[in-house]
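In: Sequence and computational prediction follow.
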Amino acid sequence: MTGQQASRITYTLDSSLDSVNKVEQTAEQMARKAGVDEDEIFRISMAVREAAVNAVLHGNAYDPDKRMTASFENTGADLVIRITDEGKGLDPATLPDPLAPENLLRGSGRGIFLIRSFMDEVHFRQLHPGTELTLIKHLGTAPTGA
């Protein structure tokens, strides 16, 4: 669907599993409207879910006074999804490598690894407090076939 006009949605949500589900569903709807194939829709929604879980669980620690902000934008060339928390902040350089033999059975670091695998670009920004994670999927360049 080329020529579709840009659109943007932003939510400010509680630090809860319901919020994670809403963010995942919105990502899926945006990807579907953008004409992305089913495999890519799955990858995008999984990456966004992981980012939202990280924001709620690791960033905000389920604190009812802290919010997660999620924005979804279709620029026509890209899907740009930003997930922001109000936590202590995350330095991606300090995350363990989930593929290192000593970390294979640990859960830590897998979410960010999955996000980076499924999206075309991933950017971290420290907000003091909080972290903003930007996930970008280029439209029209997704591989076709198996």
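Out: Yep, it's here. Numbering: from 1, shown residues only.
In: Tell me how far the worst-scoring helix or strand of the chain on mean pLDDT lies from the chain's centre.
Out: Ranked by mean pLDDT, DSSP states H and E, the helix or strand of the chain with the weakest confidence is helix 110-118, at a mean of 88. How far helix 110-118 lies from its chain's middle: 9 Å, per C-alpha atoms, centre = their mean, to the nearest Å.
In: Spatially nearest residue to the most centrally placed residue in the chain, not counting backbone neighbours?
Out: Nearest to the mean C-alpha position of the chain, by C-alpha atoms, centre = their mean, lies Val48 at 3.0 Å. Distances taken as C-beta to C-beta, 6 or more residues apart in numbering put Ala27 closest to Val48, at 3.8 Å, once the chain neighbours are dropped. From N, CA and C alone the C-beta is placed, and that goes for glycine too.
In: mind checking pLDDT for that neighbour?
Out: With respect to pLDDT, Ala27 scores 97.
In: any idea how far Asp39 is from it?
Out: Counting by C-beta to C-beta, to the nearest Å, the gap from Ala27 to Asp39 is 15 Å.
In: so Ile112 touches Val53, yeah?
Out: No - using C-beta atoms under 8 Å, Ile112 is not in contact with Val53, being 11.1 Å away.
In: Neighbour count for the two, which is higher?
Out: Ile112 (21 against 17; other C-beta atoms under 10 Å).
In: Show me which residues of stretch 33-44 are buried.
Out: 34, 36, 40-41, 43-44 (16 or more other C-beta atoms under 10 Å).
In: Tabulate the CA atom coordinates of stretch 31-49 in CSV.
Out: This file holds the C-alpha atoms of stretch 31-49, laid out as CSV (Å, rounded to 0.1, in the frame of the first residue of the first chain):
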residue,chain,number,x,y,z
ALA,A,31,1.7,-3.3,10.7
ARG,A,32,-1.3,-4.8,9.1
LYS,A,33,-2.6,-1.4,7.8
ALA,A,34,0.9,-0.8,6.4
GLY,A,35,0.5,-3.9,4.3
VAL,A,36,3.3,-5.9,6.0
ASP,A,37,3.1,-9.7,5.5
GLU,A,38,2.0,-12.0,8.3
ASP,A,39,5.5,-13.2,9.3
GLU,A,40,6.7,-9.6,9.6
ILE,A,41,3.5,-8.6,11.5
PHE,A,42,4.3,-11.4,14.0
ARG,A,43,8.0,-10.2,14.3
ILE,A,44,7.0,-6.6,14.8
SER,A,45,4.3,-7.3,17.4
MET,A,46,6.7,-9.7,19.3
ALA,A,47,9.5,-7.1,19.3
VAL,A,48,7.1,-4.4,20.5
ARG,A,49,5.7,-6.7,23.2
